[in-house]
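> need a structure here:
(chains A, B, C and D)
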2 protein chains.
Amino acid sequence: MPHVAPPPFELPMSSSPRTPEHERADARRNRERILSATARLVERVGIDCFSMDDVAAEAGVGKGTLYRRFGDRSSLLRALISDPEQAFQDELIRGAPPLGPGAPPAERLHAFGDAMLRFLDGHAVYIQAGELLGGVKRYGHPVHALYRTHVALLLRQCIGEGPHTEYLADALLGPLGAEPFLYQRKLRELTLDEICNGWHALADAVLAASAPPATRP
Amino acid sequence: MPHVAPPPFELPMSSSPRTPEHERADARRNRERILSATARLVERVGIDCFSMDDVAAEAGVGKGTLYRRFGDRSSLLRALISDPEQAFQDELIRGAPPLGPGAPPAERLHAFGDAMLRFLDGHAVYIQAGELLGGVKRYGHPVHALYRTHVALLLRQCIGEGPHTEYLADALLGPLGAEPFLYQRKLRELTLDEICNGWHALADAVLAASAPPATRP
DNA sequence: GACATAAGCGGACTTCAGTCCACATCCTCT
DNA sequence: AGAGGATGTGGACTGAAGTCCGCTTATGTC
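Take a look at the predicted model:
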């Protein structure tokens, strides 16, 4: 199967439409105004207690401008964490092992779950607030495809292609979503470490159950 | 551990506020009108292509009546599948083994996952359509507590109380939600049987990994 | 059977996400 | 530098969810 090399200047499956290379000056000014206004509102009244009109007013722009930039509320909230999310994806693809390439697949898988959960701690609220109303849902978001590809690849390297490998990859990815994470964190009141340990146990179970016979004791 | 017998006349943690025993005749008439109107609309235009005003008009009642009965769109859609959902819960609690009480816990667990997935096939769209906008989300819904208690109990009976037992129960429950199910079914285009088999593999992995040492080969 | 009252009813109203389009602004090319 | 076209802007508008409250009606009591 031919593997297409990623274009040199852009991260494939990036989480958000990156700013065009030639962004008009006014557009850039307004984009920054909108982002900082949104951050200010989140800080001041909480993440779901302001309307898009509030954002437009706070930023001193019209609603049309808001929606031209960020297609909907979901994307606007996502954009707030665009930088850390990019950084996370970069670590994943080009970073140092065990999260980045180079470590054995099982180790990388564990590192991924861990890193993802630690990323969610502190960022999940933005993702969920965006998913709450109308916008693109979890599975429809391009970034989900990236994470899924990553986990499925590592899992295949660990346990080989089996009839359930893809399903198990999804099962491992499941608890790494914003909603399940916040459920564990807020409703079940688990600590971040408890969640991480739980996920490691799950991953170990999946790896052990279908591991190549040679590795069984 | 003492096991509390369920109260004789009411199913605990029922999925919806049941109709009061003394329902006024007009209220009952309107409730039935609303439900059948909603079913008709779903049939005619699809589950998310009608507004609450449409329902009110089709049923020949005012919006206030609609919202007095069914607090929001989410609950209205849920109410459409209230009967099969009740039946499913009854099977779970009082039905014949292996789904109902009497079978060994591991077998009951598998039966639960299977039954849940088969229930979702055909009903998940109603649940998800309700969750899409505003209403009570998955983890907040009372019925989730019932399912979780059930799975956690069975899992404890299988692998004992461990630091991760609760987490693993949630991990098993995760793929049994409407959203993950529809993702598998629609986006990944798996058949119902493939999903069931995948889930059984997941459950086996979890059971095997933490199984009491005596049962290890 | 008439009355009192609590329960039910209906639709105008509010709020908010997202769309649309006439107008303004900026960048490029000559 | 100026013209012209592409791009960006703003706010009026639409459609839908959910609330509110004065009116209506069923039901239990005398």
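> Point out where chain A drops to low pLDDT.
Within chain A, the segments meeting pLDDT under 70 span A:1-21, A:134-136, A:211-217.
> ranges for the strands of it?
In chain order, chain A shows no strands, with DSSP state E as the criterion.
> Would you mind finding the longest helix in it?
The helix that spans the most residues within chain A, counting by DSSP state H, is helix A:105-132.
> Return the set of buried residues in it.
A:105-106, A:108-117, A:119-121, A:123-132 (16 or more other CB atoms under 10 Å in any protein chain shown). Yep, even glycine has a C-beta here, placed from its N, CA and C like the rest.
> That one and DNA strand C, any residue contact?
No. Shown here: helix A:105-132 not in contact with DNA strand C (CB under 7 Å from any atom of the strand), separated by at least 9.2 Å.
> and that helix, what does it pack onto?
Judged by 3 or more CB pairs under 8 Å, 6 or more residues apart in numbering or on different chains; DSSP states H and E, helix A:105-132 is in contact with helix A:73-80, helix A:82-94, helix A:142-159, helix A:178-182, helix A:192-209.
> so how far is that helix from its chain's centroid?
6 Å (CA atoms, centre = their mean, to the nearest Å).
> Do that helix and DNA strand D come into contact?
No. Using CB under 7 Å from any atom of the strand, helix A:105-132 stays clear of DNA strand D, coming no nearer than 11.0 Å.
> got the angle between that helix and helix A:192-209?
130 degrees (axes from the mean of the first three to the mean of the last three CA atoms, to 10 degrees).
> what's around A:E58, how many residues?
17 (other CB atoms under 10 Å in any protein chain shown).
> Turn the helices and strands packed on helix A:105-132 into a markdown table, columns for distance to B:D48 and mean neighbour count.
Below are the helices and strands packed on helix A:105-132 laid out as a markdown table (distance: least, CB to CB, whole Å; neighbours: other CB atoms under 10 Å in any protein chain shown):
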| stretch | distance to B:D48 | mean neighbour count |
| --- | --- | --- |
| helix A:73-80 | 17 | 21 |
| helix A:82-94 | 29 | 15 |
| helix A:142-159 | 21 | 18 |
| helix A:178-182 | 20 | 21 |
| helix A:192-209 | 33 | 20 |
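> Now distance to A:D170 too, for the ones you listed, in CSV please.
Below are these laid out as CSV (distance: least, CB to CB, whole Å):
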stretch, distance to A:D170
helix A:73-80, 22
helix A:82-94, 18
helix A:142-159, 7
helix A:178-182, 13
helix A:192-209, 11
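> Reformat those as JSON lines; add distance to chain B.
Formatted as JSON lines, the helices and strands packed on helix A:105-132 follow (distance: least, CB to the nearest CB, whole Å):
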{"stretch": "helix A:73-80", "distance to chain B": "13"}
{"stretch": "helix A:82-94", "distance to chain B": "21"}
{"stretch": "helix A:142-159", "distance to chain B": "9"}
{"stretch": "helix A:178-182", "distance to chain B": "6"}
{"stretch": "helix A:192-209", "distance to chain B": "3"}
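> how about A:A57, what does it touch?
If a contact means CB atoms under 8 Å, 6 or more residues apart in numbering or on different chains, then A:A57 has no contacts.
> what residues does chain A put near DNA strand D?
Residues of chain A lying near DNA strand D (CB under 7 Å from any atom of the strand): A:20, A:23-24, A:26-27, A:29-30, A:60-65, A:67-69.
> Keep these, but drop any that are not near DNA strand C.
A:R24, A:D26, A:K63, A:G64, A:Y67.
> Leaving out chain neighbours, which residue sits closest to the third one?
By the measure of CB to CB, 6 or more residues apart in numbering or on different chains, the closest residue to A:K63 outside its immediate chain neighbours is A:A56, 4.9 Å from it.
> how far does stretch A:171-181 stretch from start to finish?
End-to-end span of stretch A:171-181 (CA to CA, to the nearest Å): 14 Å.
> List the contacts of that stretch.
A:109, A:113, A:116-117, A:120-121, A:124-125, A:127-128, A:131, A:138, A:147-148, A:151, A:155, A:184, A:195, A:198-199, A:202-203, A:206, B:137-139, B:170-171, B:174-175, B:180, B:198, B:202.
> I'd like the distance between A:I159 and B:L202.
As judged by CB to CB, to the nearest Å, A:I159 and B:L202 stand 13 Å apart.
> A:Y167 too?
Distance from A:Y167 to B:L202, by CB to CB: 7 Å.
> Likewise for A:R33?
In this view, A:R33 and B:L202 are 47 Å apart by CB to CB.
> ditto for A:A115
23 Å.
> picking that back up, output the ones next to DNA strand C among the residues of chain A next to DNA strand D as CSV; include the columns distance to B:F88 and neighbour count.
Formatted as CSV, those follow (distance: CB to CB, whole Å; neighbours: other CB atoms under 10 Å in any protein chain shown):
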residue, distance to B:F88, neighbour count
A:R24, 57, 9
A:D26, 57, 9
A:K63, 45, 12
A:G64, 48, 9
A:Y67, 42, 15
